[in-house]
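> Please find the sequence and the predicted model below.
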Amino acid sequence: MTSIAIPAGMPQYDDAPRFDVARVRADFPILDREVNGHPLVYLDSANTSHKPRQVLDVLAEHYATHNANVSRSVHTLGTEATEAYEGARAKIAAFVNAPSVDEVVFTKNSTEAINIVAYAFSNASLRPDADPRFRLGPGDEIVISEMEHHSNIVPWQLLAERTGATLRWFPVTDAGRLDESGLEELVTERTKIVSLVHTSNILGTVNATARITERVRQVGALLLLDCSQSVPHMPVDVVDLDADFVVFTGHKMCGPTGIGVLWGRGELLAAMPPVLGGGSMIETVSMARSTFAAPPARFEAGTPPIAEAVALGAAVDYLTGIGMRAIQWHEKELTAYALDALATVPKLRIFGPTVPVGRGGTISFALGDVHPHDVGQVLDSLGVQVRVGHHCAKPVCTRFGVPAMTRASFYLYTTTEEIDALVAGLEQVRKVFD
Amino acid sequence: MQLDQLYQEIILDHYKHPHGRGLRDAEDPAARVAEAHHVNPTCGDEITVRVAADGDRLADISYDGMGCSISQASASVLHELLTGRGAGEAFVVHQAFVELMSGRGQVTPDEDVLGDGVAFAGVARYPARVKCALLPWMAFKDAAARAGVGASPTEVKA
């Protein structure tokens, strides 16, 4: 075997940032459990991630010692709770390099974050004095892609229906990449917003957004990136991405459910009308009319998920402690290993990129004609947890001519042994159904 | 082993060698023909069931669809159990199957009524799969109603 030496002065293989996976696994209590008499093999982190003790402890401690409502109490507990909640906002702002803490709006999840932007457009379209960048009508266009999660399709379909605007989309290539060949015709002076997924939840594709961003700037449209599957897995810098809005969700990044983030450029958030009305989002209220608080409060009506936000702050601390570059590298190695291993399985077809470049650790596939439900059921009997179905991305399934797919997805606690268990499980599936 | 309760030989056999698959035209041009297309929104499975009714008799039940072994085998069993039966009888079987699937594994099926359908008793223990088994049966119920055959035993006999 010949070995190729990397020239001195270049990054060496050993320079890659790494962490001890066994030690990380020890932080996640659920990884000790068994499923159907087998050790748990959790390959569904793109659906939701597990939570380390460091996050669970903060969640419990918040309720046990600091519980109070935020932003409205002068008492000690209220002050502690507010400090914890706002402290979490600052941690998250730093995590994605937001220029200002006030650009981080807490939401329920990515879906709600996208809907806030879509409804801000909707509300602005009803007001002649609203910022023209948010006003939509017949002749205006919204651009998405065929690769989107339903949460980045349906809100825009509904918005187009309400305003008379037209919805258009980027197609997907056979290799599972975004087809940018029609960029100039698709994104034009008529385009008001382009809303795209950063990393596909079903194909694993990581979209290179620079060309699209450049075109969006040229035509004066706005750009939203759905980073639900990228923020948990790689360093994401909102300044570097040069987007206008970025959304992500806490439960996929070691945080609790019920908490997500809408990041928006400060100047844009300030120009957006409110969406949900209620407590905390106002400046002053009279019986006839109200005026509204500045962002982020303007978009956080009602008591927010306080403990969840605080615990998301703890999740961000946890991930930062391990290092997002190291997590990204770990998943890249796992993905390369899994793509090689899955290639040895007879009749297995991978949907999406088959090389570990420009893709994340989410791999969808078909096993001959065996229906994904049946694949998932047999794997479950062996303790292997994968997702089966259309993954809330039905147009992608349609694009590749299948009703459903089986998906394995990895995270910082995933091991190569678990990928081996998947491959062995697929052999069992073939035994039952061939 | 648990998995064997779900994937009984009878189910796998119906899946691999489905009975009566493929949508067919009615032999008797006077038959009332109607169909229903049902989808399972959580997994994207689809089935079309077509009923050809000759008076009160289900002269033919044909179907086509894409789905998992459970839903496809269930359609095959439905075809075998109900084709050629009178509507009253058919809906007794239909109700027994729905009861079996809603029983969380606590219902003992009657083989005289359900035939190969008894093999689905194990499926009832898997809440995520009950919908798969019921998909063709619900499509059949709609198709039969559209063909003018009553939608439940009590409503039968138009």
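Perfect, thanks for sending it.
> can you map out the helices along chain A?
For chain A, helices defined by DSSP state H occupy the ranges A:21-26, A:53-61, A:76-95, A:110-125, A:154-163, A:183-186, A:210-219, A:238-241, A:266-271, A:306-322, A:324-343, A:372-381, A:394-399, A:416-433.
> Compare these and report which one is nearest to chain B.
Ranking those by distance to chain B, with Cβ to the nearest Cβ as the measure, places helix A:372-381 first at 3.6 Å. In this view, the C-beta of every residue, glycine as well, is placed from N, C-alpha and C.
> residue ranges with poor pLDDT in chain B?
Within chain B, the stretches with pLDDT under 70 are B:1, B:151-158.
> Residue of it nearest chain A, please.
Chain B approaches chain A most closely through B:C68 (3.6 Å), counting by Cβ to the nearest Cβ.
> and that residue, what does it touch?
B:C68 sits next to A:371-374, B:43, B:45, B:129, B:132 when contact means Cβ atoms under 8 Å, 6 or more residues apart in numbering or on different chains.
> try 6 Å
By Cβ atoms under 6 Å, 6 or more residues apart in numbering or on different chains, the residues touching B:C68 are A:371, A:373-374, B:132.
> Could you do A:A16 as well?
Residues A:W329 are the ones in contact with A:A16 under the rule Cβ under 6 Å, 6+ apart.
> Please report how far it lies from A:I327.
12 Å (Cβ to Cβ, to the nearest Å).
> will you turn the helices of chain A into TSV that also has mean pLDDT?
Below are the helices of chain A laid out as TSV (pLDDT from 0 to 100):
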stretch	mean pLDDT
helix A:21-26	98
helix A:53-61	98
helix A:76-95	96
helix A:110-125	98
helix A:154-163	98
helix A:183-186	98
helix A:210-219	97
helix A:238-241	96
helix A:266-271	98
helix A:306-322	98
helix A:324-343	97
helix A:372-381	95
helix A:394-399	93
helix A:416-433	96
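> Switch the ones you listed over to a markdown table; also include mean neighbour count and distance to B:V123.
As requested, the helices of chain A are arranged in a markdown table below (neighbours: other Cβ atoms under 10 Å in any protein chain shown; distance: least, Cβ to Cβ, whole Å):
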| stretch | mean neighbour count | distance to B:V123 |
| --- | --- | --- |
| helix A:21-26 | 14 | 35 |
| helix A:53-61 | 17 | 35 |
| helix A:76-95 | 18 | 44 |
| helix A:110-125 | 23 | 32 |
| helix A:154-163 | 18 | 32 |
| helix A:183-186 | 14 | 46 |
| helix A:210-219 | 16 | 46 |
| helix A:238-241 | 16 | 47 |
| helix A:266-271 | 17 | 50 |
| helix A:306-322 | 23 | 37 |
| helix A:324-343 | 18 | 29 |
| helix A:372-381 | 25 | 10 |
| helix A:394-399 | 19 | 24 |
| helix A:416-433 | 17 | 15 |
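> Reformat those helices as TSV; add distance to A:L203.
Shown next, in TSV, are the helices of chain A (distance: least, Cβ to Cβ, whole Å):
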stretch	distance to A:L203
helix A:21-26	25
helix A:53-61	29
helix A:76-95	26
helix A:110-125	17
helix A:154-163	19
helix A:183-186	19
helix A:210-219	17
helix A:238-241	20
helix A:266-271	29
helix A:306-322	24
helix A:324-343	12
helix A:372-381	15
helix A:394-399	6
helix A:416-433	18
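> how about those, which one is nearest B:V113?
Taking Cβ to Cβ as the measure, the helices of chain A were each checked against B:V113, and helix A:372-381 came out nearest at 26.9 Å.
> who does the closest one touch, helix- and strand-wise?
Contacts of helix A:372-381 with other secondary structure elements, assessed using 3 or more Cβ pairs under 6 Å, 6 or more residues apart in numbering or on different chains; DSSP states H and E, are made with strand A:387-389, strand A:405-409, helix A:416-433.
> buried stuff in the longest helix along chain B?
Scanning chain B for the longest helix, with DSSP H as the assignment, gives helix B:127-146. Buried residues in helix B:127-146, counting neighbours by 16 or more other Cβ atoms under 10 Å in any protein chain shown, are found at B:129-146.
> Now do that helix against helix A:372-381, angle only.
Computed with axes from the mean of the first three to the mean of the last three Cα atoms, to 10 degrees, the direction of helix B:127-146 lies at 150 degrees from that of helix A:372-381.
> I'd like to know which elements helix B:127-146 is packed against.
strand B:32-40, strand B:45-54, helix B:69-82, helix B:87-101.
> neighbouring contacts of the first one?
In other words, strand B:32-40. By Cβ under 6 Å, 6+ apart, the list of residues contacting strand B:32-40 from outside reads B:26, B:46-53, B:131, B:135, B:138-139, B:142-143, B:146-148.
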